[in-house]
Each structure stands twice: as structure tokens, then as C-alpha cells.
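Asker: sequence first, then the predicted structure:
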2 protein chains.
Amino acid sequence: MQLLEERIRAEGRIREGDILKVDRFLNHQMDVELFDAMGREWARLFEGCGVNKILTIEASGIGIACVAAFSFHCPVVFAKKSRSKNLDSEVYRTEVVSYTHGNHSDVMVSRDALGPEDRVLLIDDFLANGAALCGLLDICAQAGATVVGAGIAIEKAYQPGGRIVRERGVRVESLARIASMSPEGGIVFC
Amino acid sequence: MQLLEERIRAEGRIREGDILKVDRFLNHQMDVELFDAMGREWARLFEGCGVNKILTIEASGIGIACVAAFSFHCPVVFAKKSRSKNLDSEVYRTEVVSYTHGNHSDVMVSRDALGPEDRVLLIDDFLANGAALCGLLDICAQAGATVVGAGIAIEKAYQPGGRIVRERGVRVESLARIASMSPEGGIVFC
């Protein structure tokens, strides 16, 4: 998606440890007009797939998912990363390792919020090692929900997550796919 | 706001420990059409105030803030609750005590994302003790930003947060204000 690639080129910054900072428009300050364009693109790509729920994971996925939901006319559910008193004991639960934050998280979705009647689009800001996405797939499997596919903003295509998830039979639509990235060479898109 | 009050009456559930669970439409599963109506209402209330940025705090505020931003035509910034490798060392920082989760969080906003040129609307799902909102006010003060006001979905008006924040001179517009709440008496709105 040209609009997103241009934005990454203009405002993304590469940091040590294979970090792409896009916090000026994607995951700290958030450009909701850009999110709307991304949502429309996913709606075009997944047209006719009968998506009736969007599932994401806190925190960076929530804004993108909520804006995208307007193009799908469906509710959003976000998986919560830590045990909260506000969540029922009746939950689907899985574990996600965050490479960015260097920790494990228990991730939960209320059983009320997801079930066999749901045709789910997973949405997240990044796909790299695939840990978050595999956690969401696990939760959908527990719920008996159908996963229609995954809408990703930025995929680091040189990392294994995209391959792992696609080999599980999941359709992944990443709006910007990075082939390589370095402070010297800059960002090369696929 | 009648639409939100009706929804709370229909789907909110009161739990021990003064917990109002609204996770079927507000802060776990999220009804973005409702969020859009809320955003329009805040835009009406704060019309002419020159809001050019919405500030919220992860995680439950993000979805509401991103959808509301459409009615303000401005970006959203969410304060991050824990140190992330993805955030610059150059941050505004404050501490927030969460009564819901029973812990302290270090809350941060990048200096890039907020400054004296900003006229900020704070948005959050709940106002009870006011800890989160006071943290956001502190960050705005550090940034030299002007706080236009706060848009709250649900205010527990029998708790001190609303009074504390209003006494600091901040205009608070809560779309549903709860006067009292108990498993026996149900929910009484102001």
C-alpha cells in the first residue's frame, strides 16, 4: 500500500536491535485518517469473506482495529495482556512472548466475546516473529471461531512470522512488507 | 447521553468491589458505532475549542479516542504504561496508581508527540478516583500543552475523581454519570 510505505519512508526511523520506530503516526501518535485508508484497503481485500468480528491485541493494535472496524461494520475485541479484575474468570487464555518488550504475557479473551459463530479478521500493527498472531490464532481455535485472515500494517518479511502463519493456512494481508532494513541501507520494501 | 446510559443499563453488570463491567461494548468488545456517536457528542460539546490533539492512556481509552478523533479531525496520542524499547528516551513521564489493577504504572509520552502548540482533549473510558486523568494532566503540564477538557465515557460521580479534576479548572464532559450503583439497587444515573 503506497500511502503507508511513503509514510514509513518519510517518518519511520531505524534503531538498534532491528527496531523500526513508527511512533509518529502508527503506534504512539496515531493518524486516524491513515488508519481509515488502511481499513478500506483491508475491506477491499477481504470483501465477501463475511467478517463479523475483528480481534486484536493490546495496546498498539487497538486503534488500527477500531478504525478499520468502520469499513467492516463489526465490533472489535482486544485480547488483554494481563489479568484484570474487570475480566470474567471465564476466559480463553494463551501465552505470548514479546520480543519488543522482552517478556512473556498471559493473553486473555472473554468467552462471551468470541465463539463458533464468529468469522474473525485478526489485525495488528506489526508481524515479525509471529508470536502475537499465533497467540490470537490459538484463542480463536479455543473459541471454535473461523479465522478469515490477518490484516497487518507492517510485516518484517525477513523474519519468520509471516511464513509461519501462512503455513498454518492463514491468509495474511500486510499493507507494507519490508524486505530488508538497516541504518546504512535504509528500508527496502518487497 | 441517553444512548450510552441505555447501553449501560442493558449490558453493564455490577460486580463485587464497586466494579462496573462494560466489557461487552466498551472496554473489551468494543462497539465502534457507539464510539462514533460518543465522538460526535464530544465534538458538539467542545465545538470551537480548537482541539488539535486527543490524549488517552492505554489500553481501554485507545479505541474510544481513535474513533472520536474522526469527529475532531486530529491525531491521537496514547500514554504508554510501561517502558518500551520502541519509545525514545526523550519522554514526559508520570506515575499512575490503578485501583482496578492494584498496581503503579510509569506512564510515558514521547516529547515529539506533545508540545506547547497543542490544544488537548483528554479521553478515557472511566473516571473514578481520577488517577489516570491526573497523570495525563501532569504530562500536559510538562509539555506546556493547553488542556481544553476531558471527555469521559462513564463517570462514577460518587467517587472523588470528577471533583478533583474539575477543581483543577478542567472542563469534564462525562457522557454517563453514575450517582450510585449496587447489586441490589442497580445503577442510578445523575
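Answerer: Thanks, I have it.
Asker: which residue is the nearest non-sequential neighbour of residue A:59?
Answerer: residue B:58 (3.9 Å; Cβ to Cβ, 6 or more residues apart in numbering or on different chains). In short, each C-beta sits where N, CA and C put it, glycine included.
Asker: tell me the spacing between that neighbour and residue B:105.
Answerer: Going from residue B:58 to residue B:105 by Cβ to Cβ, to the nearest Å gives 9 Å.
Asker: hey, what's in contact with both of these two?
Answerer: residue B:81 (Cβ atoms under 8 Å, 6 or more residues apart in numbering or on different chains).
Asker: show me what contacts the residue nearest to residue A:59?
Answerer: A:58-59, A:62, B:78-81.
Asker: which residues sit against stretch A:1-19?
Answerer: A:20-22, A:24-25, A:31, A:34, A:37-38, A:41, A:100, A:153-154, A:156, A:175-176, A:181-183, A:186-187, A:189, B:85-86.
Asker: pull out the buried members of those.
Answerer: Buried members of those, counted by 16 or more other Cβ atoms under 10 Å in any protein chain shown: A:20-22, A:24-25, A:31, A:34, A:37-38, A:41, A:100, A:153-154, A:156, A:175-176, A:181, A:187, A:189, B:86.
Asker: out of these, list just those in strands.
Answerer: Of the buried ones among the contacts of stretch A:1-19, the ones assigned to strands by DSSP state E are A:20-21, A:153-154, A:156, A:175-176, A:181, A:187, A:189.
Asker: just the helices in chain A please.
Answerer: Ranges of helices within chain A are A:2-11, A:32-45, A:60-72, A:131-143, A:161-167, based on DSSP state H.
Asker: just these: most buried one?
Answerer: Across the helices of chain A, the average number of neighbours (mean count of other Cβ atoms under 10 Å in any protein chain shown) peaks for helix A:60-72, which reaches a mean of 27.
Asker: could you give the mean pLDDT of that helix?
Answerer: Averaging pLDDT along helix A:60-72 yields 97.
Asker: low-confidence regions, chain A specifically.
Answerer: Applying pLDDT under 70 to chain A picks out residues A:83-89, A:100-101.
Asker: how many residues are close by the closest residue to residue A:148 other than its chain neighbours?
Answerer: Leaving out its chain neighbours, the residue that sits closest to residue A:148 by Cβ to Cβ, 6+ apart is residue A:49, at 4.5 Å. If you count neighbours by other Cβ atoms under 10 Å in any protein chain shown, residue A:49 ends up with 15.
Asker: for residue A:49, what are phi and psi?
Answerer: Torsion angles at residue A:49 (phi, psi; degrees, to the nearest 10) stand at phi -90, psi 0.
Asker: beta-bridge partners for the residue sitting nearest the centre point of chain A, please?
Answerer: Chain A has residue A:124 as the residue nearest its centroid, 1.2 Å off, counting by Cα atoms, centre = their mean. Per DSSP bridges, the residues bridged to residue A:124 are residue A:152.
Asker: residues in contact with it?
Answerer: Contacts of residue A:124 by Cβ under 8 Å, 6+ apart are A:56-57, A:60-61, A:64, A:132-133, A:136, A:150, A:152-153.
Asker: contacting residues around the nearest residue to residue A:32 once chain neighbours are set aside?
Answerer: Excluding the flanking residues, the one nearest residue A:32 by Cβ to Cβ, 6+ apart is residue B:69, at 4.5 Å. Residue B:69 is in contact with A:30, A:32, B:39, B:54, B:75-76, counting by Cβ under 8 Å, 6+ apart.
Asker: any idea which of the residues you listed is closest to residue B:171?
Answerer: residue B:54 (14.7 Å; Cβ to Cβ).
Asker: for residue A:47, give its distance to residue B:79.
Answerer: For residue A:47, the distance to residue B:79 - Cβ to Cβ - is 36 Å.
Asker: hmm, I typed the wrong one, I wanted residue A:81.
Answerer: Counting by Cβ to Cβ, the gap from residue A:81 to residue B:79 is 16 Å.
Asker: settle it for me: which of the two has more neighbours?
Answerer: residue B:79 (27 against 21).
Asker: so that one sits right up against residue B:106, yeah?
Answerer: No. Using Cβ atoms under 8 Å, residue B:79 makes no contact with residue B:106, being 10.1 Å away.
Asker: shared neighbours, those two?
Answerer: In contact with both residue B:79 and residue B:106: no residue, using Cβ under 8 Å, 6+ apart.
Asker: my guess is residue A:118 contacts residue A:139. True?
Answerer: No. Taking contacts as Cβ under 8 Å, residue A:118 lies outside contact range of residue A:139: 11.1 Å.
Asker: which residue is the nearest non-sequential neighbour of residue A:137?
Answerer: Spatially, and ignoring its direct neighbours in sequence, residue A:137 is nearest to residue A:147 (6.3 Å; Cβ to Cβ, 6+ apart).
Asker: beta partners for that neighbour?
Answerer: Bridge pairing for residue A:147 - DSSP bridges - gives residue A:120.
Asker: list the contacts of it.
Answerer: So residue A:147 contacts A:120, A:122, A:137, A:140, A:170 (Cβ under 8 Å, 6+ apart).
Asker: okay, the residue nearest to the centre of chain A and residue B:185: tell me how far apart.
Answerer: 42 Å.
Asker: same thing with residue A:35?
Answerer: Distance from residue A:35 to residue B:185, by Cβ to Cβ: 41 Å.
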